[in-house]
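> Kindly return the folded structure for what I paste below:
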Amino acid sequence: MWQTRIIILVLCFSTQLQAQILPTFGNSRTGGSGMQFLKIPHDARSTSMAGAVVGITNDVSALFWNPAGITKVDTGKVNFQLSHTRYYANSSANFFGAVAKVRQHSYVGLTVQSLNYGEMEETTEWQPYGTGRNVNTSNVLVGLSYAQVLTDNFSFGVNGKWAHEGIADVRVNNVLFDLGLTYNIGLMNSKFGVVFSNFGLNVAPDGTVSILKLNGEQQVTNFSEVSVPSVFRIGGALDPIHTKLNVLTLSAQLNHPTDNNESFATGAEYGYKNILFARTGYEFGSDENYRFPTAGFGMRLQRRFGAFRFDYGFSNKSRLGNIHRLTLSICVR
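The predicted structure follows:
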């Protein structure tokens, strides 16, 4: 058994950062799928650790990262999480999640997320400076989750999601699934997680597009099928320091998307008395590199009704700039 644990730890924490670990099936296919908003992480804690959390996510954000992680939420009647991300080009992403314990070892969750681009002016080949009309865009996801504790060490979870993406009079809808598991190894509080996210069929958009050509206006109603940005993640973590006052968690994770290069992320979180938290991380191999490591902090306070936690996360991309995330988590007992 100990040999298996060592192998798992080596897999999670040892990798060549500049090479693909899993088959690429045609190398990088950047831009090869639709519904890119499904990739956007929402919570400040995870993103300040560069997303290296699939093995340790233990709050409502697990609805995004690994549905098996909702079995680790604070015990209580229900847990809520609200998150707001100031994204690129005046766009913003919003997330709402709720998790409840329904039986001794069973949990259910609800996810609602959206991406708002703000007002976008319509342009054409003949009117590149605008037509005077605005284009409506919409990106919405609604999901239901179920997770089960099978043993003291092993949990699994599944998400069922409906995703919608639309621009002007064209829209696409799809049904997607996530499947994840977590396992507590035990050595130095080590654990790992595996998740398959955004698995669904290719679907063709519906709607009509008017194209102005030299011989007049043409209506287009047939579109090519759009795939979804599926991703496989495996990661692990351990606590080299774990006392009543201080907890230091180190994590590592391999990300293998279907439409981009493989990447590797590392993260760290320090907690003092389970009240104050400091975090950092870095992702290697992404198309748009971080200018410097991600960072963030958090604060957790106990109250009569339960507890609430506030988290802030910051990241900086070399060309796209800064991203600020704010998250509020509430546990109602």
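> List phi and psi for residue 44.
Phi and psi for residue 44, reported as degrees, to the nearest 10, are phi -70, psi -40.
> I'd assumed residue 329 was in contact with it.
No. Using C-beta atoms under 8 Å, residue 44 makes no contact with residue 329, being 9.8 Å away. Any C-beta I mention is one placed from the backbone N, CA and C, and that applies to glycine too.
> Mind listing the shared neighbours of those two?
residue 311 (C-beta atoms under 8 Å, 6 or more residues apart in numbering).
> more crowded one of the two?
residue 44 (29 against 25; other C-beta atoms under 10 Å).
> Could you pull up phi and psi at residue 187?
According to degrees, to the nearest 10, residue 187 has phi -70, psi 120.
> Next, count neighbours for it.
Around residue 187 there are 13 residues (other C-beta under 10 Å).
> for the one 3 residues further on, same thing?
Summarising burial for residue 190: neighbours were counted as other C-beta under 10 Å, giving 21.
> Need the per-residue pLDDT for it.
Note for residue 190: predicted pLDDT of 93.
> Surely it is in contact with residue 242?
No. Using C-beta under 8 Å as the test, residue 190 is too far from residue 242 to be in contact (10.7 Å).
> hey, where'd the helices end up in the stretch 1-150 of the chain?
Ranges of helices within the stretch 1-150 of the chain are 2-13, 44-48, 62-65, based on DSSP state H, counting those that start in this stretch.
> how far does the last one sit from the chain's center?
In other words, helix 62-65. Helix 62-65 sits 6 Å away from the centroid of its parent chain (C-alpha atoms, centre = their mean, to the nearest Å).
> what does stretch 127-147 give?
Relative to its parent chain, stretch 127-147 has a centroid offset of 19 Å by C-alpha atoms, centre = their mean.
> What residues of it count as buried?
Using 16 or more other C-beta atoms under 10 Å as the test for burial, stretch 127-147 gives 137, 139, 141, 143, 145, 146, 147.
> Find me the pLDDT at residue 295, would you?
As predicted, residue 295 sits at a pLDDT of 96.
> who touches it in this structure?
Neighbouring residues of residue 295 by C-beta under 8 Å, 6+ apart: 48, 279, 280, 313, 314, 315.
> who wins for neighbours among those residues?
The residue in the contacts of residue 295 with the most neighbours, by other C-beta under 10 Å, is residue 48 (30 neighbours).
> can you pull the contacts of it?
Applying C-beta under 8 Å, 6+ apart, the residues near residue 48 are 267, 279-281, 294-297, 311-315, 325.
> Same question for residue 202.
225, 226, 227, 228.
> So which residues of the stretch 151-300 of the chain form strands?
Using DSSP state E, counting those that start in this stretch, the strands of the stretch 151-300 of the chain run over residues 154-167, 170-184, 191-199, 206-207, 209-213, 216-220, 231-242, 246-257, 263-272, 276-284, 294-303.
> Out of those strands, which one sits most buried?
The highest average neighbour count among the strands of the stretch 151-300 of the chain, using mean count of other C-beta atoms under 10 Å, belongs to strand 191-199 at a mean of 23.
> how about that strand as PDB, C-alpha atoms only?
Provided in PDB are the C-alpha atoms of strand 191-199 (Å, rounded to 0.1, in the frame of the first residue of the first chain):
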ATOM      1  CA  LYS A 191      -4.700  13.900  -0.700                       C
ATOM      2  CA  PHE A 192      -5.300  13.900  -4.400                       C
ATOM      3  CA  GLY A 193      -8.200  14.500  -6.800                       C
ATOM      4  CA  VAL A 194      -9.100  13.700 -10.400                       C
ATOM      5  CA  VAL A 195     -11.800  15.300 -12.500                       C
ATOM      6  CA  PHE A 196     -13.200  15.200 -16.000                       C
ATOM      7  CA  SER A 197     -14.900  18.500 -16.800                       C
ATOM      8  CA  ASN A 198     -17.300  19.800 -19.500                       C
ATOM      9  CA  PHE A 199     -18.000  16.500 -21.300                       C
END
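> Counting by contacts, list what it packs against.
strand 170-184, strand 231-242 (3 or more C-beta pairs under 8 Å, 6 or more residues apart in numbering; DSSP states H and E).
> hmm, who's touching it?
Residues contacting strand 191-199 (C-beta under 8 Å, 6+ apart): 8, 12, 35, 38, 54-57, 65-69, 161, 176-185, 228-238.
> go with 6 Å
Residues outside strand 191-199 that contact it (C-beta atoms under 6 Å, 6 or more residues apart in numbering): 8, 12, 38, 54-55, 66, 176-185, 228-236.
> Quickly run through the sheet partners of that strand, with directions.
strand 170-184 (antiparallel), strand 231-242 (antiparallel) (DSSP bridges).
> quick one, the longest one and strand 209-213 angle?
What separates the directions of strand 170-184 and strand 209-213 is an angle of 130 degrees, with axes from the mean of the first three to the mean of the last three C-alpha atoms, to 10 degrees.
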